[in-house]
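Novice: no sequence on hand, only this structure:
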């Protein structure tokens, strides 16, 4: 009888599950769950990235018999703290000066807009309305100021939340490094004994894929930041250090990251000298060529085996769904799913042979 067909049973089960999810959503059952996930997401994400960066150092130090694992972790933490302190001590004055100077950037932008308006006025062919442009700019900045004032509570809350996350991350990272080796045996408990070998292989492949991508991409991002800083110094761009740090942060995202990171530099170049925009673009092109032909092949190689078009489409979709964070996690998440499905297909083939 058709009602006893397995397909009908599966469709019925799916419909019942969707109905349950709908009613749970109406009853706001998922509200606390979303709050918990949102609270833990950023500390775990950042600690996870740092885990794969620091793990090789901990593994190396743990090879020495007289250095316990906890001591190795604390040594690495102390070394990182020392590097940050030295960097802050020697760069604090430069960073503080550039941040103070960059606070005057809106005034410089207004002056640039004023100068542009004068040029348009002197060369007006009836196409532009300088007064109309001025009114629109005044309205825009007025609305922007009002929005900032209306959302000042949210801004303060966001800053407080970011500070809390930064305080929590070292503790989460410490336990990741200390007890990370227990995760694999814990996950293998859910797999039947006869399939533990395939399960262990799949989990190790996922771990190696994540490690290869995170270490490689962070290395590329740091190199991009250094090269852009050198380039900014050569062309004489203001706020070179701050702008280069921004590039290093955004370059964690492949392809689009360095371009996003160069946008503030273009704004600064426009206020400094319009011809400086061309120099910034040339610097970006040169750095991207060096990265694409020298740095990335050496650091990343072909470990992920992802076509560039696949990565671009992933980043576009991720940016539309979850913004910059989505772009950061899109490629490693896709790589995990790819490795998981590949091992699952291999496992099914072995099972039904």
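Specialist: Perfect, I can see it now. Bear in mind that the values here come from a model prediction, so they are computed numbers and not experimental data.
Novice: where in the chain is pLDDT low?
Specialist: Low-confidence segments of the chain (pLDDT under 70): 1-10, 22-31, 33-34, 37-38, 92-164, 296-306, 346-353.
Novice: distance of the residue nearest to residue 243 when sequence neighbours are not counted relative to residue 231?
Specialist: Computed as C-beta to C-beta, 6 or more residues apart in numbering, the closest residue to residue 243 that is not its neighbour in sequence is residue 265, at 4.7 Å. (Each C-beta comes from the backbone N, C-alpha and C, glycine too.) Distance of residue 265 to residue 231, given as C-beta to C-beta, to the nearest Å: 10 Å.
Novice: which one of those two has more residues nearby?
Specialist: Neighbour totals were compared for residue 265 and residue 231, and residue 265 leads with 29 against 21 (other C-beta atoms under 10 Å).
Novice: got a list of what the more buried one touches?
Specialist: Residue 265 makes contacts with 228, 232, 237, 243, 247, 280, as judged by C-beta atoms under 8 Å, 6 or more residues apart in numbering.
Novice: elements contacting the helix or strand containing residue 339?
Specialist: Secondary structure assigned from DSSP states H and E places residue 339 in helix 308-351. Secondary-structure packing of helix 308-351 (3 or more C-beta pairs under 8 Å, 6 or more residues apart in numbering; DSSP states H and E): helix 196-235, helix 256-272.
Novice: and the first one, what's buried?
Specialist: It refers to helix 196-235. Neighbour counts using 16 or more other C-beta atoms under 10 Å place 198-199, 202-203, 206-207, 209-221, 223-225, 227-229, 231-232 of helix 196-235 among the buried residues.
Novice: also the last one?
Specialist: Buried residues in helix 256-272, counting neighbours by 16+ other C-beta under 10 Å, are found at 256-258, 260-262, 264-265, 267-272.
Novice: swap in stretch 173-184?
Specialist: Buried-residue list, stretch 173-184, by 16+ other C-beta under 10 Å: 173, 176, 177.
Novice: re earlier: next, format the contacts of residue 265 as a markdown table and append distance to residue 85.
Specialist: As requested, those are arranged in a markdown table below (distance: C-beta to C-beta, whole Å):
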| residue | distance to residue 85 |
| --- | --- |
| 228 | 25 |
| 232 | 25 |
| 237 | 28 |
| 243 | 24 |
| 247 | 24 |
| 280 | 32 |
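Novice: out of these, which two sit at the greatest distance?
Specialist: 237 and 247 (11.8 Å; C-beta to C-beta).
Novice: those two: which is more packed in?
Specialist: Neighbours around residue 237 and residue 247, counted as other C-beta under 10 Å, are more numerous at residue 247. The numbers are 29 against 22.
Novice: might you report the residue contacts of the more buried one?
Specialist: Counted by C-beta under 8 Å, 6+ apart, residue 247 has contacts 224, 225, 228, 258, 261, 262, 265.
Novice: how about the second one, nearest residue that isn't a chain neighbour?
Specialist: In other words, residue 225. Spatial nearest neighbour of residue 225, excluding adjacent residues (C-beta to C-beta, 6+ apart): residue 248 at 2.7 Å.
Novice: which strand or helix spans the one you found?
Specialist: Assessed by DSSP H and E, residue 248 sits inside helix 240-250.
Novice: so which bits of that helix are buried?
Specialist: 240, 241, 242, 243, 244, 245, 246, 247, 248, 250.
Novice: that one versus helix 308-351: what angle between them?
Specialist: Counting by axes from the mean of the first three to the mean of the last three C-alpha atoms, to 10 degrees, helix 240-250 lies at 30 degrees to helix 308-351.
Novice: my guess is residue 269 contacts residue 283. True?
Specialist: No: in this structure, residue 269 is not within contact of residue 283 by C-beta atoms under 8 Å, at 9.9 Å.
Novice: just to revisit the earlier point, which of the buried residues of stretch 173-184 sits closest to residue 51?
Specialist: residue 176 (4.5 Å).
Novice: residues in contact with that closest one?
Specialist: 47, 48, 51.
Novice: most neighbours among those, which one?
Specialist: residue 47 (21 neighbours).
Novice: double-check that one against residue 169; I have them as touching.
Specialist: Yes: contact status for residue 47 versus residue 169: in contact at 5.3 Å, counting by C-beta under 8 Å.
Novice: quick one: the helix or strand that contains residue 282 to helix 196-235, angle?
Specialist: Counting by DSSP H and E, the element that carries residue 282 is helix 274-290. Interaxial angle, helix 274-290 versus helix 196-235 (the same axes, to 10 degrees): 150 degrees.
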